[in-house]
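In: everything below, folded, please.
(2 chains)
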Amino acid sequence: GENVEQHPSTLSVQEGDSAVIKCTYSDSASNYFPWYKQELGKRPQLIIDIRSNVGEKKDQRIAVTLNKTAKHFSLHITETQPEDSAVYFCAARYNAGNMLTFGGGTRLMVKP
Amino acid sequence: GAGVSQSPRYKVAKRGQDVALRCDPISGHVSLFWYQQALGQGPEFLTYFQNEAQLDKSGLPSDRFFAERPEGSVSTLKIQRTQQEDSAVYLCASSKTGTGGYNEQFFGPGTRLTVL
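Out: Residues are numbered from 1 along each chain as shown, chains lettered A, B, ... in the order given. Below is the predicted model:
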């Protein structure tokens, strides 16, 4: 089955700096890669996603890049703000299925 | 509109008790998923329904876990003879269409199960 690794597990940045979170996946048949933000005690919420036929996608301060050859994808947050502090999860969906396989999460702390 | 809802939000059970967790997906959503999230970890897939059909139950950890969605809307996850290792947050998610679509999975707030 699919396996998703996520790094780093914790990330601390100063407000205004950029943050980068990286994930690798194992199954080349995976074709959909969402990123979720989960605040403490809250539900995961989708912040951005990318399909396997696209190399990069941007939405305001958030961007995701995908390298299918290397089987890795990354989340980039620019001009970080304290409200960006949360746990971020990457995920991959296998082509023939519907379930998501999640990474272990990255706790992002943005210091004011 | 209303999102995915789950009840109860918190459940404390004594070891050996049976529990039932409820999920109300977004109205009209075809797909429904159950995930288990242990403390400090990412959600792990348990089972998947397309309408009332359970198409994948490969993630259920043992035969003590059972899920149903008899009318293709509300779903119940039942755990029999609970064990301490069952303690986790159980997340339900729904998405608009079935297999093959690039559809966002909308998550519920989860049920935090603590087994004493």
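
In: rest of the way, CA atoms for contacts and neighbours
Out: Fine.

In: do stretch A:61-79 and chain B come into contact?
Out: No - figure legend: stretch A:61-79 not in contact with chain B (Cα under 8 Å from any Cα of the partner chain); closest approach 16.0 Å.

In: buried residues in that stretch?
Out: A:62-66, A:68, A:72-78 (16 or more other Cα atoms under 10 Å in any protein chain shown).

In: got the residues of chain B near chain A?
Out: Checking chain B against chain A by Cα under 8 Å from any Cα, the hits are B:33, B:40-45, B:48, B:98-100, B:102, B:104-110.

In: list the residues that contact residue 18.
Out: With no chain named, the answer covers chain A. By Cα atoms under 8 Å, 6 or more residues apart in numbering or on different chains, the residues touching residue A:18 are A:76-80.

In: oops, I was thinking of chain B
Out: Counting by Cα under 8 Å, 6+ apart, residue B:18 touches B:78-82.

In: repeat that for 10 Å
Out: Taking Cα atoms under 10 Å, 6 or more residues apart in numbering or on different chains, we find residue B:18 in contact with B:64-65, B:78-83.

In: highest neighbour count among the residues you listed?
Out: residue B:82 (22 neighbours; other Cα atoms under 10 Å in any protein chain shown).

In: how far away is that residue from chain A?
Out: For residue B:82, the distance to chain A equals 23 Å [Cα to the nearest Cα, to the nearest Å].

In: give me the neighbour count for the residue lying closest to residue B:3 once chain neighbours are set aside.
Out: Leaving out its chain neighbours, the residue that sits closest to residue B:3 by Cα to Cα, 6 or more residues apart in numbering or on different chains is residue B:26, at 5.5 Å. Number of residues near residue B:26 (other Cα under 10 Å) recorded here: 23.

In: over to residue B:22?
Out: By the criterion of other Cα under 10 Å, residue B:22 has 20 neighbours.

In: and the contacts of the helix or strand it falls within?
Out: Using DSSP states H and E, residue B:22 sits in strand B:19-24. Residues from elsewhere that reach strand B:19-24 (Cα under 10 Å, 6+ apart): B:2-13, B:32-34, B:65-67, B:69, B:73-82, B:90-94, B:108-113.

In: the residue nearest the centre of chain B pairs with what?
Out: Central residue check for chain B by Cα atoms, centre = their mean: the C-alpha nearest the mean position is that of residue B:34, 3.1 Å away. Note on residue B:34: beta-bridge partners by DSSP bridges are residue B:47, residue B:92.

In: and it, how far from residue A:22?
Out: Distance of residue B:34 to residue A:22, given as Cα to Cα, to the nearest Å: 26 Å.

In: low-confidence stretches in the chain?
Out: Here I'm looking at chain A. Along chain A, segments meeting pLDDT under 70 span A:95-97.

In: nope, chain B
Out: For chain B (pLDDT under 70), the answer is B:1, B:99-101.
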